[in-house]
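Engineer: Sequence plus the predicted model coming up.
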Amino acid sequence: MLAIGIIGTVALALGVALAASLSRTEQRAAVGAVVLAVLSVVTLVFFWSGTPGILGACAAWCAGLTRGGRPLTGAARVAGIVGAFVAALNIVLTVGGFVMEGAI
């Protein structure tokens, strides 16, 4: 449990720090969305820690797909959509794992 908490906390700090620093201009936000989406896909093997979901949500934030955001176009928008999909997939995998195990 300690490892899950540490990995999740590091992912949250890294994702929010990257998204906040890269979302100042539109060009940097586009790069941030792509980088965070790639990181969220790469970390899918750590779905139990929430890392892909956090990074995917940060990618969607950089791409402007959150409330009040201005959606970007092109690859950044695709990266944001992939990030949002990975965030939703992370929830499904976690809840599905609990259901399959019989814990719920």
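Structural biologist: Yep, it's here.
Engineer: What are the boundaries of the helices in the protein?
Structural biologist: Applying DSSP state H to the chain gives helices spanning 2-22, 26-42, 51-62, 75-101.
Engineer: quick one: low-confidence parts of the chain?
Structural biologist: Low-confidence regions of the chain, defined by pLDDT under 70, span residues 103-104.
Engineer: 80 instead?
Structural biologist: Counting by pLDDT under 80, the chain contains low-confidence residues at 1, 47-48, 102-104.
Engineer: neighbours around residue 28, how many?
Structural biologist: The tally of other residues near residue 28 (other Cβ atoms under 10 Å) stands at 13. (Each C-beta comes from the backbone N, C-alpha and C, glycine too.)
Engineer: Residue 22 too?
Structural biologist: 19.
Engineer: Likewise for residue 20?
Structural biologist: 13.
Engineer: any idea how far residue 62 is from it?
Structural biologist: 9 Å (Cβ to Cβ, to the nearest Å).
Engineer: Kindly report the same for residue 46.
Structural biologist: The value you get for residue 46 to residue 62, if Cβ to Cβ is used, is 21 Å.
Engineer: Looking at the two, which is more packed in?
Structural biologist: For residue 46 versus residue 62, the count of surrounding residues by other Cβ under 10 Å is larger for residue 62: 31 against 15.
Engineer: looking at it, the more buried one is touching residue 77, isn't it?
Structural biologist: No - when contacts are counted by Cβ atoms under 8 Å, residue 62 is not listed as touching residue 77 (10.6 Å).
Engineer: picking that back up, wait, which of the helices of the chain is closest to residue 69?
Structural biologist: helix 51-62 (7.1 Å; Cβ to Cβ).
Engineer: where's the closest one relative to the chain centroid, distance-wise?
Structural biologist: 2 Å (Cα atoms, centre = their mean, to the nearest Å).
Engineer: so who does the residue lying closest to residue 38 once chain neighbours are set aside touch?
Structural biologist: Spatial nearest neighbour of residue 38, chain neighbours left out: residue 79 (7.7 Å); criterion: Cβ to Cβ, 6 or more residues apart in numbering. If you count contacts by Cβ atoms under 8 Å, 6 or more residues apart in numbering, residue 79 has them with 33-34, 36-38, 59, 63.
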